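Student: I'll drop the sequence and a predicted model, then ask my questions.
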Amino acid sequence: MDYSKLALQGVLDITQKALEANGFNVIIAENGEDAKAKALALIPEGSEVFNATSVTLDAIGLAHELNESENTIQ
């Protein structure tokens, strides 16, 4: 698979419907910055967050934001 290319809208729609049919809440981001902002908005202040090692979280800057934030407990 070529992960350097965005998924086609039809593939996203099918995937979203399948996930929602199985009880998942799906949020689709436009890019890494959008994904980071949406993820941070979901985390209540003072929460403990475990993110393990994730290339994706590192790439969008979310891991760094979580580790450096004064709003979360590491």
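Tutor: Sure, I can see it.

Student: Tell me where the longest helix sits in the protein.
Tutor: Once the chain is assigned using DSSP state H, the helix that runs over the most residues is helix 9-21.

Student: Next SSE downstream of that helix?
Tutor: Using DSSP states H and E, the next helix or strand after helix 9-21 towards the C-terminus is helix 32-42.

Student: Pull the distance from that following helix to the chain's centre.
Tutor: Relative to its parent chain, helix 32-42 has a centroid offset of 6 Å by C-alpha atoms, centre = their mean, to the nearest Å.

Student: Now do Asn31 against Gly10, distance only.
Tutor: Applying C-beta to C-beta, to the nearest Å, one obtains 20 Å for the distance of Asn31 from Gly10. From N, CA and C alone the C-beta is placed, and that goes for glycine too.

Student: likewise Ile60?
Tutor: For Ile60, the distance to Gly10 under the criterion C-beta to C-beta works out to 24 Å.

Student: more neighbours, the two?
Tutor: Ile60 (20 against 8; other C-beta atoms under 10 Å).

Student: got the contact list for the more buried one?
Tutor: Shown here is Ile60, whose contacts under the criterion C-beta atoms under 8 Å, 6 or more residues apart in numbering are Gly32, Glu33, Ala35, Lys36.

Student: can you rerun that using 10 Å?
Tutor: Ile60 makes contact with Ala29, Asn31, Gly32, Glu33, Asp34, Ala35, Lys36, Ala37, Ala39, Ser54, according to C-beta atoms under 10 Å, 6 or more residues apart in numbering.

Student: Tell me the secondary structure at Ser4.
Tutor: Each residue gets one of three states, and Ser4 gets coil by DSSP: H, G, I helix; E, B strand; the rest coil.

Student: Give me the phi and psi for it.
Tutor: Its backbone dihedrals place Ser4 at phi -90, psi -10, with angles given as degrees, to the nearest 10.

Student: Equivalent analysis for Glu48, please.
Tutor: The main-chain torsion angles of Glu48 are listed as degrees, to the nearest 10 and equal phi -90, psi 130.

Student: And it, how close does it get to Leu8?
Tutor: Counting by C-beta to C-beta - Glu48 and Leu8 are separated by 37 Å.
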